[in-house]
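K.L.:
What shape does this take:
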Amino acid sequence: MLKNYFLLLLSIACFLVFACEKDDDPVNDPDPNQNDTMSVDTTGMDTIVEVLPCNGDTSLCNKRYNEMVFAITHNAHADTGDFSPFAANQNHPISLQLENGIRAINIKAYYTDDESCGELGMYVYHGFPLLGCVPLSKSMNEVSAFMEANPREVITLAFEGSVSPEQLNPELEAAGLTQYLYEHSLGEPWPTMGELLDSGERLLVFTGAGETGDIDGIHNLWEFRKDNDYAYETPEMMTHCEPIRGNLDSDLYQINNFLTNITPQADGAMIVNEYSFLKARIENCMNATGLKPTYVMIDFYEFGDVLQVVDELNGL
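P.N.:
Reported below is the predicted structural model:
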């Protein structure tokens, strides 16, 4: 009897010791209140690293900026919502252009107090203010909203008109765009798309007027870019490929692919933006010049197959 009682006590003691050791083992019995929610031994395990896309695709991340091809909307600000058909080069506002895949924007900006615009300030128009004149801030706010909502996109702004860097910089700052500005030194290798995005400096700005040396992130358009002829009235006239304007030693080359016969030609855009015409024209220019375009400037981007052609040139 006594022996049986002793064995019972011994069994209880062993059980209690085993239970305490189990409670002290965080692997077998994790404490939900401890700071580390999980402890995992990763020895011998592969580490999974998520690769983020660059302008929509991971394969573009290792391409340098000047190795990319961008569709750039000609007079992107001049859309049929705000401008006369005699001056409108686009049907859609900049916000929708960006949503639809455009990543380079051409804008004509002026510092003026023309009666068609308003009090002295920065405005965008095309040709004559009477045909449409809108504050530059509208365009910049559209770009800013898109960039804030899409942190893995590199955007290019190319300003023509008469806007100087000193006039442009406050507009960029007011729209919250200066935080994204990238500064490049002429002649240096361009960063990759991934490097631009990882640094946060993913907005490239060029302007054709004024001196740009005193303001970081605003580059002289004609020092950094070269382009071919742009005065085409018919598709048959689009045979010229050799750069005639800008810095001919630049590594940024633009092919102009839009028609102007006094006014923008929407019907013509349906022809010159069509896949076979546009692809053949770009390939002909590449063969004739030995240059791959950085930009292909177009009107009415939604007509034809512009973005498909650009994707193919980027290897997508």
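
K.L.:
So which residues of the stretch 201-316 of the chain form helices?
P.N.:
221-224, 266-272, 275-289, 306-313 (DSSP state H, counting those that start in this stretch).

K.L.:
Can I get those helices in CSV including mean pLDDT?
P.N.:
Below are those laid out as CSV (pLDDT from 0 to 100):
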stretch, mean pLDDT
helix 221-224, 95
helix 266-272, 94
helix 275-289, 97
helix 306-313, 97
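
K.L.:
Now render those as JSON lines, adding mean neighbour count and distance to E142.
P.N.:
C-beta: built from backbone N, CA, C; applies to glycine. Written out in JSON lines, the entries for the helices of the stretch 201-316 of the chain read as follows (neighbours: other CB atoms under 10 Å; distance: least, CB to CB, whole Å):
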{"stretch": "helix 221-224", "mean neighbour count": "18", "distance to E142": "21"}
{"stretch": "helix 266-272", "mean neighbour count": "18", "distance to E142": "22"}
{"stretch": "helix 275-289", "mean neighbour count": "16", "distance to E142": "26"}
{"stretch": "helix 306-313", "mean neighbour count": "20", "distance to E142": "19"}
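
K.L.:
and of these, who's closest to Y123?
P.N.:
helix 221-224 (19.0 Å; CB to CB).

K.L.:
Show residues contacting that closest one.
P.N.:
Surrounding helix 221-224, the residues in contact under the criterion CB atoms under 8 Å, 6 or more residues apart in numbering are 158-160, 184, 186, 206-208, 245-247, 250, 252.

K.L.:
Please repeat the previous calculation with a cut-off of 7 Å.
P.N.:
Outside helix 221-224, the residues within contact range by CB atoms under 7 Å, 6 or more residues apart in numbering are 158, 186, 206-208, 246-247, 250, 252.

K.L.:
Closest one to D214 out of these, please.
P.N.:
Among those, T207 lies closest to D214 (CB to CB), at 12.8 Å.

K.L.:
how close does the closest one sit to F83?
P.N.:
The span separating T207 from F83 equals 21 Å under the rule CB to CB, to the nearest Å.

K.L.:
Please say which of the two ends up with more neighbours.
P.N.:
Per other CB atoms under 10 Å, whichever of T207 and F83 has more neighbours is T207, with 26 against 23.

K.L.:
Report the beta-bridge partner residues of the nearest residue to that one once chain neighbours are set aside.
P.N.:
What sits nearest to T207 in space, not counting adjacent residues and going by CB to CB, 6 or more residues apart in numbering, is F159, at 4.1 Å. F159 forms beta bridges with I107, T207, as assigned by DSSP bridges.

K.L.:
Touching, F159 and A109? I think so.
P.N.:
Yes: checked against CB atoms under 7 Å, the pair F159 and A109 is within contact range at 5.4 Å.

K.L.:
pLDDT on stretch 157-170, on average?
P.N.:
Stretch 157-170 shows a mean pLDDT of 94 in the predicted model.

K.L.:
Tell me where the stretch 101-250 of the chain has strands.
P.N.:
Taking DSSP state E, counting those that start in this stretch, the strands of the stretch 101-250 of the chain run over residues 104-112, 121-125, 133-135, 155-161, 203-207, 218-220, 226-227, 245-246.

K.L.:
Which of those sits closest to N314?
P.N.:
Across the strands of the stretch 101-250 of the chain, N314 has its closest neighbour in strand 104-112 (12.8 Å, CB to CB).

K.L.:
For that closest one, which outside residues touch it?
P.N.:
By CB under 7 Å, 6+ apart, strand 104-112 touches 70-77, 94, 122-126, 136, 139, 143, 156-163, 167, 295, 297.

K.L.:
Just want the angle from that strand to helix 306-313.
P.N.:
For the pair strand 104-112 and helix 306-313, the angle between their directions (axes from the mean of the first three to the mean of the last three CA atoms, to 10 degrees) equals 120 degrees.

K.L.:
where in the chain is pLDDT low?
P.N.:
Per-residue confidence for the chain (pLDDT under 70) gives these ranges: 1-48, 210-213.
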